[in-house]
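1. starting from these lines, generate the structure:
(2 chains)
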Number of protein chains: 2
Amino acid sequence: MDRIHISAAYDSDLNELRNKLLAMGGIVEQMIAGSVKSLEDRDSVLADRIIAMDREVNGFEIAIDEKCLQLLALRQPAASDLRFIALALKIVTDLERIGDQCANLAKRVKEINEEPPLKPYIDIPRMAQYTEIMLKESLDAFVRGDVDLAIKVCQDDKCVDELNMQVQRELLSFMIEDPSTITRAIKLNYISKYLERIADHSTNIAEMVIFMVKGKDIRHSTSCMVD
Amino acid sequence: MDRIHISAAYDSDLNELRNKLLAMGGIVEQMIAGSVKSLEDRDSVLADRIIAMDREVNGFEIAIDEKCLQLLALRQPAASDLRFIALALKIVTDLERIGDQCANLAKRVKEINEEPPLKPYIDIPRMAQYTEIMLKESLDAFVRGDVDLAIKVCQDDKCVDELNMQVQRELLSFMIEDPSTITRAIKLNYISKYLERIADHSTNIAEMVIFMVKGKDIRHSTSCMVD
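-> The predicted model follows:
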């Protein structure tokens, strides 16, 4: 193969990697939306579907890791392509763990659905919307190398943290006023924490994007801290 | 430089990477032990020291990521060295997040120390011992390429999960019997969950070691599942 052919094959490999990551991200986004919908609609069948989707996400993780290793071994990429592939290796772990969190969330939903409803859900669906948008935007920032969008994701994380605190405070007052609500309130507390952790994963992705694009590390700087 | 000199420099680079990861692991182990000691001894000064150590861990993360990128760019490693470096990129993220969990744990300890003690701690220190050993063994398995040890780590995770369930059940009965314990019990519940997540991170490291050594992926297989 001459140089142009090699380059075309290389670009197509990088595109394949990019598309696989986006496809994985798309499934994980559906899992976030679906798991919280299964809570709102008290739909345990949907919760089971979300739990089953985790297997698909795991398959993507293995395929993407292999693709990254193959690209590193055969193409010996330099500079920005190298950072892109190294970042893909890290992002795939965050995506897989978001999938785990959604599956855990759906398991708690199934337990909650067996008991009478505690209260109408307002803040938890709002958290889910935020986390979904944050994930989508962190992946968009990754494929476009868009630092401004990545910074927005880091900032949005504060809103999710505040909503989580609010949910926790509210559930605490439920428990203190009526101890018969304790087991349900604790499960809802978990669900709120799962969403907060999902948002943290997206923030991690966004911080790594800034690292990739700027070539400097803003992780652990005060402007974009993740607790 | 002739080939022998290049090879010696390369080995020394790989050794430096290995040693940096072990040093980071050592600090994180101290953070696990120290954060739970600060709970047992009601020692908020120690808790503050643990929180401060997180900064050191974050510095290691940045340095190790840079070293990995440098090795990939300049040395163009193949086969097992490539897997080693790719794995280092992933492991460093788990170590950094264990550091975060320890800092979070120490923050909850400081809150708990301001209130009267709820009960003597038995299961939480046992969980901490398990998680410390699991972390140490997962890193030993990584540097030695020891699959049997990595499998042991995956199996030990079940014990931590069981202890966490036990702690949660016990705290639930405290809350139901005496609602004045609710706020303290919820904080202890968080501490138990932090330790359970730390154990999950070590299990993730162990699973990736098996992937590196065997060249095949046992992540997501039934023999070594992480919830």
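
2. can you give me the helices in chain A?
-> Using DSSP state H, the helices of chain A run over A:3-40, A:44-75, A:79-112, A:123-144, A:147-177, A:182-214.

3. check whether the longest one contacts chain B.
-> Spelled out, that is helix A:3-40. No - Helix A:3-40 lies out of reach of chain B by C-beta under 8 Å from any C-beta of the partner chain, never closer than 13.6 Å. For the C-beta atoms, the positions are set from N, CA and C on the backbone; glycine is no exception.

4. could you give the angle of that helix to helix A:79-112?
-> 20 degrees (axes from the mean of the first three to the mean of the last three C-alpha atoms, to 10 degrees).

5. so how far is helix A:3-40 off the chain centroid?
-> 13 Å (C-alpha atoms, centre = their mean, to the nearest Å).

6. list the buried residues for that helix?
-> A:13-14, A:17, A:20-21, A:24-25, A:27-29, A:31-39 (16 or more other C-beta atoms under 10 Å in any protein chain shown).

7. for the last one, same thing?
-> Applying a neighbour-count criterion of 16+ other C-beta under 10 Å, one finds A:182-213 buried in helix A:182-214.

8. quick one: work out the angle between it and helix B:182-214.
-> Going by the same axes, to 10 degrees, helix A:182-214 is angled at 50 degrees with respect to helix B:182-214.

9. could you dump the helices of chain A to TSV with mean pLDDT?
-> Shown next, in TSV, are the helices of chain A (pLDDT from 0 to 100):
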stretch	mean pLDDT
helix A:3-40	89
helix A:44-75	94
helix A:79-112	94
helix A:123-144	96
helix A:147-177	95
helix A:182-214	92
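
10. phi, psi of residue A:115?
-> phi -120, psi 160 (degrees, to the nearest 10).

11. how about it, what does it touch?
-> Contact analysis of residue A:115 by C-beta atoms under 8 Å, 6 or more residues apart in numbering or on different chains lists A:183, A:184.

12. excluding chain neighbours, what is closest to residue A:183?
-> residue B:172 (6.8 Å; C-beta to C-beta, 6 or more residues apart in numbering or on different chains).

13. an error on my part: the question was meant for residue A:195.
-> residue A:127 (4.5 Å).

14. contact residues of chain A facing chain B?
-> A:55, A:58-59, A:61-62, A:65, A:68-69, A:72-73, A:76, A:78-79, A:82-83, A:86, A:89-90, A:93, A:100, A:104, A:172, A:175-176, A:179, A:182-183, A:186, A:189, A:193, A:204, A:211, A:217, A:219-220, A:226-227.

15. contacting residues around stretch A:173-192?
-> Here stretch A:173-192 has contacts from A:39, A:104-105, A:108-109, A:111-112, A:115, A:118-119, A:123-124, A:127, A:163-164, A:167-168, A:171-172, B:172, B:175-176, B:179, B:182, B:186, B:189, using C-beta under 8 Å, 6+ apart.

16. buried among those residues? Make that a ChimeraX selection.
-> To isolate the buried ones among the contacts of stretch A:173-192 in ChimeraX, judged by 16+ other C-beta under 10 Å, type:
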select /A:39,104,105,108,109,112,118,123,124,127,163,164,167,168,171 /B:175,176,179,182,186,189
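
17. before I go, just wanted to say thanks for your time.
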